[in-house]
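Peer 1: Here is a sequence with its predicted model. Questions after.
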Amino acid sequence: MKISGSVSADAAFKKLKATTREVFAATRRGMYDIRKPVKQVLASQMKRNLRIKRESFAMAWGAFVYAKDKDRAPLSLYRHKFAALDTHVKGASIGAKGGALLIPINLKPGRRISEKSLRNKIRQLRRQGNAFMLERKGKILLMAETIPESRAILQPWNVRIGAQRFSKRNRTPEIPIAVMVPRVTLQKRLTFDPVRGPLKQLLRGAVINQLQSLRSKYG
């Protein structure tokens, strides 16, 4: 996940007596100084749209200022460490090769479970003989009984362990813990626009401050 932004220095050349190298150097300093505030704006947008609680994840942005090419204006680049964040910006359609996807359902409010953890829990339930597939209303569901032996495994799900037994059969209540689907479509949930809004104001303000300092140098 990468976001880039640049500032045109053409107007500065007309108003300042400074050289191209000095204008580019001032622009680079402004971009460098504004890195932390920009990361805070990006993090706040992530937390608001994705409901992220971990501050460390929201702030996991790497900031770079590319200014090696002397013939081109400096470029600021922000890259998030979680590469899959692109799917929330662009949207995506995810499918399984030659099979289907198991999506966890009936989780406790605010609770999440990773793909690796889901696989491990399903493996443990099968060892106990407490995982089976069932078709309901055209959907293929992975079911599990709410028995005390599976209490630790079913902890992420919104279940009541040790409920009363059904009167017509000698089994405890069962709940669907996952649904099998051929494909999952992820909608766009994030929008980062570096050329307008707060990101533009931060970048523009920082660069202008540096150019004004350069102007005072030449009177």
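Peer 2: Nice, thanks for sending it over.
Peer 1: got the buried residues for stretch 121-139?
Peer 2: The neighbour-count criterion (16 or more other Cβ atoms under 10 Å) identifies 121-122, 125, 130-131 as the buried residues of stretch 121-139. Glycine gets a C-beta too; all of them are placed from N, C-alpha and C.
Peer 1: er, stretch 62-80 I mean
Peer 2: Under 16+ other Cβ under 10 Å, the buried positions of stretch 62-80 are 63, 65, 67, 73-76, 78, 80.
Peer 1: And the furthest pair within the residues you listed?
Peer 2: Farthest-apart pair in the buried residues of stretch 62-80 is 73 and 80; separation 23.9 Å (Cβ to Cβ).
Peer 1: coming back round to it: keep only those of the buried residues of stretch 121-139 that are in strands.
Peer 2: Applying DSSP state E to the buried residues of stretch 121-139, no entry is found in strands.
Peer 1: Just to be sure, which of those residues are found in helices?
Peer 2: With DSSP state H as the criterion, helices contain 121-122, 125 from among these.
Peer 1: Dump the buried residues of stretch 121-139 into TSV; add distance to residue 203 and pLDDT as well.
Peer 2: Output for the buried residues of stretch 121-139, formatted as TSV (distance: Cβ to Cβ, whole Å; pLDDT from 0 to 100):
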residue	distance to residue 203	pLDDT
121	46	91
122	48	91
125	52	91
130	56	89
131	53	89
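Peer 1: need those in JSON lines with distance to residue 36, can you?
Peer 2: Shown next, in JSON lines, are those (distance: Cβ to Cβ, whole Å):
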{"residue": "121", "distance to residue 36": "40"}
{"residue": "122", "distance to residue 36": "43"}
{"residue": "125", "distance to residue 36": "46"}
{"residue": "130", "distance to residue 36": "50"}
{"residue": "131", "distance to residue 36": "48"}
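Peer 1: In this protein, where is pLDDT below threshold?
Peer 2: 1-19, 70, 96-98, 161-172, 194-196, 214-219 (pLDDT under 70).
Peer 1: can you pull out the strands in it?
Peer 2: Under DSSP E, the chain gives strands at 2-6, 61-66, 75-80, 92-95, 101-104, 132-136, 139-145, 174-181, 183-186.
Peer 1: For residue 26, which of those strands is the nearest?
Peer 2: Going by Cβ to Cβ, the one of the strands of the chain nearest residue 26 is strand 61-66, 12.4 Å.
Peer 1: List of residues touching that closest one?
Peer 2: 28, 31-32, 35-36, 38-39, 42-43, 74-81 (Cβ atoms under 8 Å, 6 or more residues apart in numbering).
Peer 1: OK, contacts around the closest residue to residue 125 other than its chain neighbours?
Peer 2: Residue nearest to residue 125 in three dimensions, not counting chain neighbours: residue 131, with 3.9 Å by Cβ to Cβ, 6 or more residues apart in numbering. By Cβ under 8 Å, 6+ apart, the contact list for residue 131 reads 122, 125, 142-144.
Peer 1: burial count for the residue nearest to residue 117 when sequence neighbours are not counted?
Peer 2: Once flanking residues are discounted, residue 117 sits nearest to residue 156: 7.9 Å by Cβ to Cβ, 6+ apart. Residue neighbour count, defined by other Cβ atoms under 10 Å, stands at 17 for residue 156.
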